[in-house]
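Prediction below, plus the sequence it came from.
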Amino acid sequence: MGGILAAGVGLLVLLGGGGVLAHAVSNSRQEIPNKAYRENLWRNVPVESLLPAEIGLQGSEKRLGDANGERGWRRVAVSPETSCDKALSGKLAEMAAKSGCVAAVRATYLDITGDTAATIAIVTFKEEKAKSDAVNLMGQRPGERPDHVVHALAAPGTKWNDGARAGNGGNPVMDMDAHSIAVVTAGPADGRTAGRLPQPWGREADSQWQDRSPWGETANGLAKTVAWRLRDLISKAGARR
């Protein structure tokens, strides 16, 4: 009887040990969010991954690594500066100064035709709320002159400058701990000014807005692309351990 009891106790101990081992293995496979990594994504990920040599429009249905997703825009300049004051302009610059802007990583791209330039900035704030506040600043109604959000980063072989900026866009990185937003300004690479139509086409303010609107659509598309890229990098570059 005693032997049977001892055997039963031994079996329980063995089962209990197996349960502990299984629980430990299960825990080892858990993905624990690395908050500090995501808050400092701009510092932890190389610029070649943040703003690669080539980039193409993509969204939630076209994820990072798609062979057809990384084309259409060629990087022609990268700023060595990460100062928010030097990168941002207009109301966004004012808001960023008040909201605790940490860094702005900036690069300029040319589209496949070489006719359109776009400066992209990945802006990181101290607090999550600042992302939505920044996006809300970028709405523009027909007839309004655009309040440009990023200073144009000059690139060799172009006349891209602040005076050529025509449209803007922005999109937040969809991660609570990545306090970052992608903002873009786009315009003619040859330096000409959009939104100054001659008469009779430029009689109405709305006509001038319509002349700039294609660059606004381009800027919004690029901002969305970069934001989705960053969300993918958080998942793929070890942000969850």
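Structure's in. What do you need?

What is the helix or strand encompassing residue 97 packed up against?
Here residue 97 sits within helix 90-99, counting by DSSP states H and E. Under the contact criterion of 3 or more C-beta pairs under 8 Å, 6 or more residues apart in numbering; DSSP states H and E, helix 90-99 touches helix 84-87, strand 116-125, helix 129-136. To be clear about C-beta, it is placed using only N, CA and C from the backbone, and glycine gets the same treatment.

mind running it again at 10 Å?
Applying 3 or more C-beta pairs under 10 Å, 6 or more residues apart in numbering; DSSP states H and E, one finds that helix 90-99 contacts helix 84-87, strand 101-111, strand 116-125, helix 129-136, strand 167-172, strand 180-188.

Of these, which is nearest residue 55?
Evaluated over these, closeness to residue 55 peaks at strand 101-111, with 6.6 Å, by C-beta to C-beta.

angle of the closest one against strand 180-188?
Using axes from the mean of the first three to the mean of the last three C-alpha atoms, to 10 degrees, the direction of strand 101-111 lies 40 degrees away from that of strand 180-188.

distance of residue 176 from residue 129?
11 Å (C-beta to C-beta, to the nearest Å).

before we move on, back to that, excluding its own residues, what touches the helix holding residue 97? List them.
Here helix 90-99 makes contact (C-beta atoms under 10 Å, 6 or more residues apart in numbering) with 84-88, 101-102, 104, 121, 123-127, 129-131, 133-138, 146-151, 168, 170, 179, 181, 183, 185.

I figured residue 222 hits residue 169, correct?
Yes: Residue 222 is within contact range of residue 169, at 6.7 Å (criterion: C-beta atoms under 10 Å).

Mind listing what's buried along the host helix or strand of residue 224?
Element membership of residue 224 [criterion: DSSP H and E] is helix 205-236. Using 16 or more other C-beta atoms under 10 Å as the test for burial, helix 205-236 gives 208-209, 211-213, 215-216, 218-231, 233-234.

Flag the shaky bits of the chain, pLDDT-wise.
1-33, 57-71, 139-145, 195-211, 237-241 (pLDDT under 70).

Apply 50 and report the result again.
2, 5-16, 18-32, 59, 67, 239-241 (pLDDT under 50).

so residue 124 sits right up against residue 173, yeah?
Yes: using C-beta under 10 Å, residue 124 makes contact with residue 173 at a distance of 9.1 Å.

Quick check: neighbours shared by the two?
Common contacts of residue 124 and residue 173 (C-beta under 10 Å, 6+ apart): 41, 131, 179, 180, 181.

which residues does the fourth one form a beta bridge with?
Right, the one you point to is residue 180. residue 124 (DSSP bridges).

Name the residues contacting each of residue 222 and residue 169.
Contacts common to residue 222 and residue 169, judged by C-beta under 10 Å, 6+ apart, are 118, 120, 182, 183, 184, 185, 186.
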